[in-house]
Structures are given as C-alpha cells and as structure tokens.
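A.B. asks: Take a look and give me a structure for this.
(one chain, ligands or ions: 1)
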Amino acid sequence: MEQPVSKSWSIHTRREITSKYQILERVGSGAYADVYKARRLFDNLKVALKEVHDYQSGFREIEALQTLQNCPNVVVLHEYFWSEDEDAVLVLEYLPTDLAAVIREAKKGEWKEEGLRVGEIKRWMIQVLCGVDACHRNSIVHRDLKPSNLLISAEGVLKLADFGQARILLAPGFIAVNDDQQNTPTNEAVDNPSDIVPELDNPDQEVQIIQEAPPYRKEFGLSDDPKVRDFEDMDKESCFPDCDTSCLATCTASDIEEDPFKSYAYEAEEGQNQGLGPLTSCVGTRWFRAPELLYGSTTYGPEIDLWSLGCIFAELLSLKPLFPGTSDIDQLGRIFNVLGDLSKEVWPGCTELPDYNTISFGKVENPLGIEACLPNRSADEILLVKKLLCYDPTNRATPMELLQDRYFNEEPLPLTISELRVPSKHYAADEDSPNECGDYKDFDSDSDFGDFGPSYVTRTEHGYAIQFY
Ligand SMILES: Nc1ncnc2c1ncn2[C@@H]1O[C@H](COP(=O)(O)OP(=O)(O)OP(=O)(O)O)[C@@H](O)[C@H]1O
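C.D. replies: Residues are numbered from 1 along each chain as shown. Sure, this is the predicted structure:
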C-alpha cells in the first residue's frame, strides 16, 4: 500500500526557497501562518516569507494579492511557492511595523505625552481608506481588517495585509477596475487586474462568487520550477466556497475541541453546499466584526469592512478598542449599549438575519452614543466614525466618500508620509494586559445562538444573563 506523501511543515527544508532566500528570523505567527524575515540572495532585499499552513487561506491570499498588485496601500507579493504536498509560501515585501504598534506607542510608549497628532491620525486614515478603496474597487472584501493587519514600512507607508480571509465578490454594478488612475503600478509584468473579472451569467444574481481559477499569467517569478504551481494548474476544486473549511482564521482547531457547538454548527449548515454558496459569517476578529456577522449573515457585502474601519478609526482617536467584547453576546451587548437597539426602525433588513429571532436583548433605554466613547474629539471626527458604524450596511460611507470628507481637507491638514512617526517593530499582543488586547489573537467563531433555541439576554452586574427557552 502506498504511503501518503509526508508534508513538510518547515520552510527551512524547502530547497527551492533556501536556494533563493536566507531565512533570518521568525517575526510573527498567526492562526494559520508563520512569518519569517529573510534576505533575497541575489540583491539582499529584505522580504517576509509567509508560510501558510491552511490551503484555502493560502489560495485566497495569493488570489487577492495578485489582483491588488498595483495598489500602493496593499502589501506587495513578490512571488509565491505552491506545491501540492507542502504549505504555500508567500514572498512579501518586508514591513517592520503596524498600526497596532502606532496605537500602543501613543498610548503607552515613547509618544505617550503627546499621543497621536490630528495630522498623523488623518494620514494614517487616508492610507487605510486608499487600501480599502482599492480592495472594494477590485471586488475584494478583506473580512479581517484590524490594526495589526495594517502593516507599515519604515518610511511610513501603510499597507493592508493578511488577505487569508479575503473573498472576491461580484455583483451587478460592482465592477472591478484597473487602479491605474489612482495608483502607481509597481510591477509591470502583471496583467491588468480587471482581466480576471468574468462576465456574469445571470445578471439578476445579486452576488456571484468566483468559482473558477482566475486566468492569471504564468510568470510570477518561479513558474519554471516544476514544484511551483500556478492557478491554471490547480485543481478547480481549489477555488473554495466558504463551506469547505471550518472557521477560516477565526476559529482554530483547539477552539473547535473546546467549544464544539460553535464550528460544527457552521459546518453542518454550510458543508453541504458545494456550489455557489452563501458566505460564512465566521470571519474577522470579534472586536471588529459587523453586527450582521455577529447575527450570522451569509449574504453580506463589502460593508463589513466599513464597520471594521469605524472601529479602527475610533481606536486611533481614543487609543483604546471601541467594542472589546469577550464573547459574541458580549460583543453585541457592547455595541447596543453605545448605539442603541438593533431594530427594524434603524435597519429594516435586520429581521432577516439568521439569528435575529433566536436571541433577544433587553432594551437599552439610554445608549451612550459614540460621543461618550470619544471624549475630547472634534464633532467632525465623531461624525466620521458615525458614518461607518451604521447598523444598516447600505448607510455606511464608502472609502471614496470618506476620502472626500472635509475632515481631511481642513486644518490641521494631514501630515506628509515622511513626517509620520513610525514605531520600530510590530505590535506584540502579549506586551499588554490580556484583557485589553488578548482578543487580537483570540479568534472568534461563527454566531451559533441557533444551537440553543431562542434566548433572552439581560445585563447583570457582572456581565449578561442568558435565558434559553
Ligand atoms: N509582510 C510582512 N512583513 C513583516 N512582518 C509581517 C508581514 N506579514 C506578516 N507579518 C508578521 O506576521 C504576523 C502574522 O502574519 P499574518 O497576520 O499575515 O498571519 P495570519 O496567520 O494570517 O494572521 P491572523 O492570525 O491574524 O489571521 C503579523 O502580525 C506580523 O507581525
């Protein structure tokens, strides 16, 4: 009987990589990836080698980054190594720090006295908005925006990273465009990203998910190496509907064991759908998840990124997380305490959310309002956050609308990139107290209130009381 091919778990044993790169040190790890700093031998360029231990996550990240190749505010993918029996390894530009480190430095580090200057905040926000605008113009929804996924170069250029949960969505009128009008191309060898967008078969279909491997070009650095496979060579099944995996990066295998009802419910629900399927609500990191995801939506759009942006901007303004929930229910409770109840008066579509009728919260009589969370901030800043943190996703402002907001054109003007203060290293979650930042690494799972039947949640002195019927 044939032995299964053993899988290599270490890039150190990958000859095709070590012959081109000297691996210097491990700089980070996430739910599904290890990241190493390395030196490209032929020109000494510093790069990040991201070894992705999850097939789907690796595929998604490569697919998204190839599409977004020309966008200045998205991390550059230099090349990738992909073979059937080994982890995907992405060669990314090396970015030494991130927005979470900026926030930490301003709150507790060397910049503590002064905090963040308004001109700095504006420039960081502009860069984030340009990155998200590029994603959405290319029909890509990131699905895990948070400060630690917004990486920063030593020169102060902010770039969206960690596209392991990204999806390409297509809807009528949601046309991918070449970003050339706005962005400076960085790699002329790559085809026009808009070439990858197929025609819709059914124009009535609201959202179509690409199931076919996109017709990317072959040359991407290593196509002459037989161990490196292109999308064109990949099995069609490797274009994943969300149902093929457990909980993407939000729920690790240990989470599943510890809390079986969470992800098993998700798999049971979506696992049978092998065609164009619903999206999973099990994405993102809890503190930045939109209410529709917390209520189990499988038909959401790019607006989930806009909610995350609202949370990120609020954090830049106050230097603390806006909704640091400790569970899905606590997360929703915190949102309701600030914004008020979610009802059909504020969002008529909310009653259609899968878990809307499964769980009901006690009425919040006097919501705090965003103002209370952002003391000492200007009316314009509060308004900007409010434009993103709307219950009704269609009311959330687009990145382009926000970029045109007068906030960015009035004094104090945004600093130039070269004027920005840049921390020397990445944010490390264990630098702070677990209560405050542990959830940056504490991945959440799908909303699974349905497993218990209807429930009623009330606030108590110590948290919430949940009554199941
Ligand atoms: N291009 C890069 N340059 C330098 N460091 C990087 C780069 N990409 C990632 N890192 C570091 O590695 C860490 C993990 O990377 P990343 O977030 O992409 O992995 P992941 O497993 O997909 O993460 P998550 O668990 O957040 O989904 C990052 O927090 C960052 O510190």
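
A.B. asks: Give the burial count for the closest residue to T299 other than its chain neighbours, as a bare number.
C.D. replies: Once flanking residues are discounted, T299 sits nearest to P278: 6.4 Å by CB to CB, 6 or more residues apart in numbering. C-beta coordinates here come from the backbone N, C-alpha and C atoms, glycine included. A count of nearby residues for P278, using other CB atoms under 10 Å, gives 18.

A.B. asks: how near is P278 to C373?
C.D. replies: Separation of P278 from C373 (CB to CB, to the nearest Å): 33 Å.

A.B. asks: Looking at the stretch 301-450 of the chain, which residue is nearest the ligand?
C.D. replies: Per CB to the nearest ligand atom, the residue of the stretch 301-450 of the chain with the smallest distance to the ligand is H426, at 3.9 Å.

A.B. asks: my guess is the residue nearest to T299 meets G296, correct?
C.D. replies: No: using CB atoms under 8 Å, P278 makes no contact with G296, being 10.2 Å away.

A.B. asks: which residues do those two both contact?
C.D. replies: Common neighbours of P278 and G296 are not found (criterion: CB atoms under 8 Å, 6 or more residues apart in numbering).

A.B. asks: To which secondary structure element is the nearest residue to V27 once chain neighbours are set aside assigned?
C.D. replies: Ranked by CB to CB, 6+ apart and with sequence neighbours excluded, the top spatial neighbour of V27 is K37, at 4.9 Å. Applying DSSP states H and E as the criterion places K37 in strand 33-40.

A.B. asks: Show me what that strand is packed against.
C.D. replies: Secondary-structure packing of strand 33-40 (3 or more CB pairs under 8 Å, 6 or more residues apart in numbering; DSSP states H and E): strand 21-29, strand 46-52.

A.B. asks: would you list these in CSV and tack on mean neighbour count and distance to D87?
C.D. replies: Converted to CSV, the helices and strands packed on strand 33-40 look like this (neighbours: other CB atoms under 10 Å; distance: least, CB to CB, whole Å):
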stretch, mean neighbour count, distance to D87
strand 21-29, 14, 13
strand 46-52, 23, 5
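
A.B. asks: hang on, the earlier thing: briefly note if the strand holding K37 comes near the ligand.
C.D. replies: Yes: counting by CB under 6 Å from any ligand atom, the ligand has neighbours in strand 33-40: 33, 35.

A.B. asks: Pull out the CA atoms of that strand and give them to me as PDB.
C.D. replies: Output in PDB follows, covering the C-alpha atoms of strand 33-40 (Å, rounded to 0.1, in the frame of the first residue of the first chain):
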ATOM      1  CA  ALA A  33       0.700  31.100   9.300                       C
ATOM      2  CA  ASP A  34       4.300  31.600  10.400                       C
ATOM      3  CA  VAL A  35       6.100  34.600   9.000                       C
ATOM      4  CA  TYR A  36       9.900  34.900   8.700                       C
ATOM      5  CA  LYS A  37      12.200  37.700   7.800                       C
ATOM      6  CA  ALA A  38      14.500  36.700   5.100                       C
ATOM      7  CA  ARG A  39      17.100  38.100   2.600                       C
ATOM      8  CA  ARG A  40      16.900  37.600  -1.100                       C
END
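
A.B. asks: Kindly provide the whole-number mean pLDDT of it.
C.D. replies: Averaged across strand 33-40, the pLDDT comes to 96.

A.B. asks: what angle sits between it and strand 21-29?
C.D. replies: Angle, strand 33-40 to strand 21-29, by axes from the mean of the first three to the mean of the last three CA atoms, to 10 degrees: 150 degrees.

A.B. asks: And stretch 280-287, what's buried?
C.D. replies: Buried residues in stretch 280-287, defined by neighbour count with 16 or more other CB atoms under 10 Å: 280-287.

A.B. asks: tell me how far the ends of it are from each other?
C.D. replies: Between the start and the finish of stretch 280-287 there is a gap of 17 Å, counting by CA to CA, to the nearest Å.

A.B. asks: what's the answer for stretch 73-90, then?
C.D. replies: End-to-end span of stretch 73-90 (CA to CA): 18 Å.

A.B. asks: For that stretch, buried residues please.
C.D. replies: Residues 73-83, 86-90 are the ones in stretch 73-90 that count as buried (16+ other CB under 10 Å).

A.B. asks: so which of those residues also contact the ligand?
C.D. replies: Answer for the buried residues of stretch 73-90 near the ligand (CB under 6 Å from any ligand atom): V75.

A.B. asks: which of the buried residues of stretch 73-90 lies closest to L150?
C.D. replies: Each of these was scored against L150 by CB to CB, and N73 proved nearest at 9.1 Å.

A.B. asks: isn't that closest one right up against C130?
C.D. replies: Yes: the pair N73 / C130 is scored as a contact, 4.6 Å apart, by CB under 8 Å.

A.B. asks: related to what we said a few turns ago, could you point out which of the buried residues of stretch 280-287 is nearest to the ligand?
C.D. replies: Nearest to the ligand among the buried residues of stretch 280-287 is T285, at 7.1 Å by CB to the nearest ligand atom.
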